[in-house]
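**Student:** Just need the structure, nothing else, for what follows:
(one chain, ligands or ions: 1)
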Amino acid sequence: MLSLKKLVRPNIWNLKPYSSARSEFMGEASVFLDANENPYNEPHNRYPDPLQWEVKHKIAKLKGVQPRQILLGNGSDEPIDLLIRAMCEPAQDNMIAITPTYGMYKVAADVNNVEYREVLLDEGFDFTAENLLSVANDKTKIVWLCSPNNPTGNSLNRKEIVRTIEQFQGIVALDEAYIDFSSHPSFLPELKKYPNLVVLQTFSKAWASAGVRLGMAFASEEIINVLNKIKYPYNISALVQKHALQTIGRGGEVKSWVKTLLTEREKLVANLQTLPCILHVYPTDANFVLVSTTDANGIYKYLISRGIVIRNRNNITLCEGCIRITVGTPQENEMLINEMQKL
Ligand SMILES: *Cc1c(COP(=O)(O)O)cnc(C)c1O
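**Tutor:** The predicted structure is shown next:
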């Protein structure tokens, strides 16, 4: 890896971050007259902990990392944007990603006016480090990988992910939004070995909290420190921090949701394979399945007319004729199959 100083934009490296009242005083006190808060309407009157230490300690224990290796964001969208803003000089630096993949990396690149180089996956929706890194140059700061990948559902080849991390001189951002549904292990234990690795996870999928907006980035303490400098000081509200603590306390329930969804996924896949309108069900390691059909647009419209929404991926590269179906409750999945049997 290049030195972090070489990867981070000079203005960010030299930035003196905003210092909030709450970060200047962290001790115990009974009278708080430092932050121009209103003394009434407890507990919502107080600014939240800007670095969310209580939540991070709980997540750290759960994930086997140090609290200082965690950044919490407003969904995964925030760490995606922060990484780009920290590392990529607009109109100058570039990033590389596999395609098809999650759409947010490209949107965040476009917002920041950073060139986004896409490398097509093979027929098995997989990649090689050699192919991916062949489009890198000395202005390439970040490589985006997503495993299990969205919308394809498969996990990427682990050896090639490792090769990418080992051979690339910049940051490798590995999005593990669906890791709890995967039969493959997370890369979190590898963080110690790889100073250029950033792993993204989220409360939106297995943790069933998409409406709460809470994403996690895991990386070296040095990388997290850079991101902390540029995030909004109070980016995670007190309400969200409270919800996170409660959800972490319901870990057993999360495990049982995941178990049910995995059973339901196998049933859904088996049922889809019997339908005449389905040409192929792609292997999945996530809580959704990509299927190739005889008529994606027609199936999409028909299901909408029956009150069922799926995702039409017909216009995505390599996904012509495909729809993406999220695994729902047993009743929801049965309704879907019943409707699709009429096609
Ligand atoms: C759903 C999803 C996320 C989650 O995004 P949030 O902003 O945390 O809700 C992240 N990455 C991928 C690939 C996803 O599909």
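**Student:** gap between stretch 220-237 and the chain center?
**Tutor:** Taking the mean of its C-alpha atoms, stretch 220-237 sits 17 Å from the chain's own mean (Cα atoms, centre = their mean, to the nearest Å).
**Student:** what sits up against that stretch?
**Tutor:** In this structure, residues lying in contact with stretch 220-237 by Cβ atoms under 8 Å, 6 or more residues apart in numbering are 4, 8, 12-13, 15, 17-18, 20, 22-23, 47-48, 50-52, 55, 66, 68-74, 78-79, 82-83, 85-86, 171, 191, 195, 198, 214, 217, 219. For glycine as for every other residue, the C-beta is placed from the backbone atoms N, C-alpha and C.
**Student:** which element is residue 323 on?
**Tutor:** Residue 323 belongs to strand 322-326 when assigned by DSSP states H and E.
**Student:** and the residue in the chain that the ligand sits nearest to, what does it touch?
**Tutor:** The nearest approach of the chain to the ligand comes at residue 75, 2.6 Å away (Cβ to the nearest ligand atom). Residues touching residue 75, when contacts are defined by Cβ under 8 Å, 6+ apart, comprise 202, 204, 213-215.
**Student:** Can you narrow these down to the ones near the ligand?
**Tutor:** 202, 204, 215 (Cβ under 6 Å from any ligand atom).
**Student:** if we can go back for a sec, and the gap between the residue of the chain closest to the ligand and residue 104?
**Tutor:** Residue 75 is 9 Å from residue 104, where distance means Cβ to Cβ, to the nearest Å.
**Student:** still on that earlier bit, most neighbours among the ones next to the ligand among the contacts of residue 75, please name it.
**Tutor:** With neighbours taken as other Cβ atoms under 10 Å, the top of these is residue 202, carrying 24 neighbours.
**Student:** bridging residues for it?
**Tutor:** As for beta bridges, residue 202 partners with residue 215 under DSSP bridges.
**Student:** lowest-confidence helix or strand of the chain?
**Tutor:** helix 21-24 (a mean of 85; mean pLDDT, DSSP states H and E).
**Student:** and after it, which helix or strand comes next?
**Tutor:** Taking DSSP H and E as the definition, the helix or strand that follows helix 21-24 towards the C-terminus is helix 53-63.
**Student:** Return the set of buried residues in that following helix.
**Tutor:** 55-56, 58-60, 63 (16 or more other Cβ atoms under 10 Å).
**Student:** residues near residue 76, how many?
**Tutor:** Around residue 76 sit 24 other residues, with neighbours defined as other Cβ under 10 Å.
**Student:** Contact partners for the nearest residue to it once chain neighbours are set aside?
**Tutor:** The shortest distance from residue 76 to any non-neighbouring residue, by Cβ to Cβ, 6 or more residues apart in numbering, is to residue 215 (3.6 Å). If you count contacts by Cβ under 8 Å, 6+ apart, residue 215 has them with 72-79, 200-204.
**Student:** rerun that using 10 Å as the cut-off
**Tutor:** Residue 215 makes contact with 71-80, 175, 177, 200-204, 236, according to Cβ atoms under 10 Å, 6 or more residues apart in numbering.
**Student:** Give me the buried entries from those.
**Tutor:** Here the buried ones among the contacts of residue 215, as counted with 16+ other Cβ under 10 Å, turn out to be 71-76, 78-80, 175, 177, 200-204, 236.
**Student:** Close to the ligand: what parts of the stretch 151-300 of the chain are there?
**Tutor:** Counting by Cβ under 6 Å from any ligand atom, the residues of the stretch 151-300 of the chain that sit close to the ligand are 175, 177, 202, 204-205, 210, 215.
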